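*Asks:* My questions are about this predicted structure, shown below with the sequence.
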Number of protein chains: 2
Amino acid sequence: MSRLSLNQATIRHADLATALRVTREAGIASIGLWREPVDEVGLRKAVLMVADSGLRVSSLCRGGFFTATEPTAWRHALDENRRAIEETAALAEAGAPGSAPVLVLVAGGLPTDVRDLAGARARVAEALGELLADAAGAGVVLAVEPMHPLYAADRGVISTLGQALDLIEDLPSDVVGVALDTFHVWWDPALPAQIARAGDRIASYQVGDWITPFPGDALLSRGMMGDGHIDFPAITSAVLATGYTGDVEVEIFNQEIWESDPATVAARVVKAFGENVGL
Amino acid sequence: MSRLSLNQATIRHADLATALRVTREAGIASIGLWREPVDEVGLRKAVLMVADSGLRVSSLCRGGFFTATEPTAWRHALDENRRAIEETAALAEAGAPGSAPVLVLVAGGLPTDVRDLAGARARVAEALGELLADAAGAGVVLAVEPMHPLYAADRGVISTLGQALDLIEDLPSDVVGVALDTFHVWWDPALPAQIARAGDRIASYQVGDWITPFPGDALLSRGMMGDGHIDFPAITSAVLATGYTGDVEVEIFNQEIWESDPATVAARVVKAFGENVGL
């Protein structure tokens, strides 16, 4: 169980103090943080709390949202990402040894009334170019997350692992990688080949299940491992075969899980991870 | 407007007589039929009704559901598809000149408690092999429809155009092709390249929009062209560049549209098609 990390989104309604405590008390050694609960207490205090927790930090979620066409919104997005890069470095530094200075990037969807998907995808490439020096300077890895095609219109225009790898191919591998989440990529017939191709570019590996019937809210449609259709051992073993040595985050957006007691959720995560993920 | 075809699923609650009448009265020259409303009146009567309507038949929906692992269910699926092949031939023969003997195939999802996606995909290939002689004998084209990855678990394990083309590559092009529906494939970064690769294998081209916010019911999440995010002119022009000369079906599963008067829907379809599809 030593590589299990609890992504804070799984216990969305817990504040940072609660999330750190619940994670530690469940016997989980690592946590994936989100910017909003960090911001609630302020970065300086969050750094002290993380150091005090003894937990590793496996990533910060999330930067990105790069598809704005309006110049002010575009500059604002880059500024936000520069702040997120600084936060990622500070929080990983505060975490226990083995923490990863990884910032997960969600591409962003199509701007309002824009149907130029290729154009939006090109904006993501452009933004990565703009942020490269900042990330390198801070020792942070930008992890581009391919998102399920379900979100191509309104959340993430990078839709497959192959596309994410094409996007980062010419960028330095110590600064830009990919975040691989089973929920987003499990359906892809090219997945085994693209994971093998990814090699050392996998900066984050996240797990969550695809459940049916599909829940009413597309954003809250993820399930606990074992409750759905994903063959975790197959994907995990392909990821491990690339040499991935990082933590494995459990990230689940699900209304019923969010409404449960965070300590209960953390215990369920430990059990489901042990029984299903193949690690 | 001469290539517009109204797929019966867009006016789901109309019986065959109403669907034929509404289509003709809207000035639409072609209809995509579904097996269930044909079955309601019986094939023999349906053939007479279609001949009497003067409409072209652009396809029959649908065969497929090939992923059963249980032998009886597997044989039942093949038998059902053989019946659907006969129906396709009879209905296209009854339609006006330019009718297309095309049977649209939905692959089927993962069997209950099975997580072997590659195995389910292999079953689809096996089924096509079984049905090849029947389709060839009846002069019918089997059109494999890649479905949005949203449906990979419970409806269609063939998820991209590239995957569908790989699947049919070694099968004769006058017997097996693909059905391309914008709703299912619009997000795919490989789409332009794969449409070009498809060449004469596109047996059916269907249009429907991707709308946001994503509706509560995943099966009823399609929108009228122009109401969503899809760049129809770009996809249509790529399809036409392959030499596709068939009808273009409007197929929309949407609760609000289903609850509207069918004649009103047919008129909306004519207008939205003219304004958005790029044909």
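*Replies:* In hand now; what should we look at?

*Asks:* use CA for all of it now, contacts and neighbours both
*Replies:* OK.

*Asks:* For the closest residue to chain B within chain A, give its distance to residue A:10.
*Replies:* Residue nearest to chain B within chain A: residue A:216 (4.0 Å; C-alpha to the nearest C-alpha). In this view, residue A:216 and residue A:10 are 18 Å apart by C-alpha to C-alpha, to the nearest Å.

*Asks:* more crowded one of the two?
*Replies:* Set side by side, residue A:216 and residue A:10 show unequal neighbour counts under other C-alpha atoms under 10 Å in any protein chain shown, the larger going to residue A:10 at 26 against 13.

*Asks:* which residues does the closest residue to that one other than its chain neighbours contact?
*Replies:* Using C-alpha to C-alpha, 6 or more residues apart in numbering or on different chains and skipping the chain neighbours, the partner closest in space to residue A:10 is residue A:252 (4.7 Å). Counting by C-alpha atoms under 8 Å, 6 or more residues apart in numbering or on different chains, residue A:252 touches A:9-10, A:208, A:222-224.

*Asks:* Show me the residues you listed that map onto helices.
*Replies:* Judged by DSSP state H, helices contain none of these.

*Asks:* Just the buried residues of the residues you listed.
*Replies:* Neighbour counting with 16 or more other C-alpha atoms under 10 Å in any protein chain shown marks A:9-10, A:208, A:222-224 as buried within those.

*Asks:* Quick one: those as a markdown table, columns for pLDDT too.
*Replies:* Below are these laid out as a markdown table (pLDDT from 0 to 100):
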| residue | pLDDT |
| --- | --- |
| A:9 | 97 |
| A:10 | 98 |
| A:208 | 98 |
| A:222 | 95 |
| A:223 | 97 |
| A:224 | 97 |
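
*Asks:* TSV for those residues, including distance to residue A:267?
*Replies:* TSV is the format used below for the buried ones among the contacts of residue A:252 (distance: C-alpha to C-alpha, whole Å):
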residue	distance to residue A:267
A:9	15
A:10	12
A:208	15
A:222	18
A:223	15
A:224	12
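
*Asks:* mind listing the helices for chain A?
*Replies:* A:16-25, A:35-41, A:43-53, A:71-94, A:117-138, A:161-168, A:182-185, A:191-198, A:232-241, A:255-258, A:262-276.

*Asks:* first vs last residue of stretch A:220-230, how far apart are they?
*Replies:* OK, stretch A:220-230 end separation, C-alpha to C-alpha: 17 Å.

*Asks:* Quick one: residues in contact with it.
*Replies:* A:182-183, A:186, A:207-212, A:214-215, A:252-255, A:269, A:272-273, A:275-277, B:113-115, B:153.

*Asks:* Drop anything exposed from the residues you listed.
*Replies:* Buried subset of these (neighbour count, 16+ other C-alpha under 10 Å): A:182-183, A:186, A:207-211, A:214-215, A:252-255, A:269, A:272-273, A:276-277, B:114-115, B:153.

*Asks:* Go through stretch A:75-88 and flag the buried ones.
*Replies:* Going by neighbour count (16+ other C-alpha under 10 Å), the buried part of stretch A:75-88 is A:77-78, A:81-82, A:84-88.

*Asks:* Quick check: residue A:98 touching residue A:56?
*Replies:* Yes. Residue A:98 lies in contact with residue A:56 (C-alpha atoms under 8 Å); the separation is 6.3 Å.

*Asks:* quick revisit: nearest to residue B:14, out of the contacts of residue A:252: which one, please.
*Replies:* Nearest to residue B:14 out of these is residue A:222 (C-alpha to C-alpha; 35.8 Å).

*Asks:* Verify the stated contact: residue A:21 with residue A:52.
*Replies:* No. Applying C-alpha under 8 Å, one finds residue A:21 not in contact with residue A:52, separated by 10.4 Å.

*Asks:* measure residue A:91 to residue A:53 for me?
*Replies:* 12 Å.

*Asks:* So which of those two has more stuff around it?
*Replies:* Neighbours were counted for residue A:91 and for residue A:53 using other C-alpha under 10 Å; residue A:91 has more, 28 against 19.

*Asks:* Surely that one and residue A:50 touch.
*Replies:* Yes. Assessed by C-alpha under 8 Å, residue A:91 is found in contact with residue A:50 at 7.2 Å.

*Asks:* Excluding chain neighbours, what is closest to residue A:174?
*Replies:* In space, residue A:174 is closest to residue A:141, 6.5 Å off (C-alpha to C-alpha, 6+ apart).

*Asks:* pLDDT value on the one you found, please?
*Replies:* As predicted, residue A:141 sits at a pLDDT of 98.

*Asks:* Assess the claim that it and residue A:177 are in contact.
*Replies:* Yes. Counting by C-alpha under 8 Å, residue A:141 does reach residue A:177; the two are 6.7 Å apart.

*Asks:* Touching both of these two, which residues are there?
*Replies:* Both residue A:141 and residue A:177 are contacted by residue A:203, under the criterion C-alpha under 8 Å, 6+ apart.

*Asks:* Give me the pLDDT value at residue A:217.
*Replies:* 88.

*Asks:* Run a quick neighbour tally on it.
*Replies:* Each residue near residue A:217 was counted by other C-alpha under 10 Å, and the total is 15.

*Asks:* residues touching the nearest residue to it once chain neighbours are set aside, list them.
*Replies:* Residue nearest to residue A:217 in three dimensions, not counting chain neighbours: residue B:216, with 6.1 Å by C-alpha to C-alpha, 6+ apart. Counting by C-alpha under 8 Å, 6+ apart, residue B:216 touches A:215-218.
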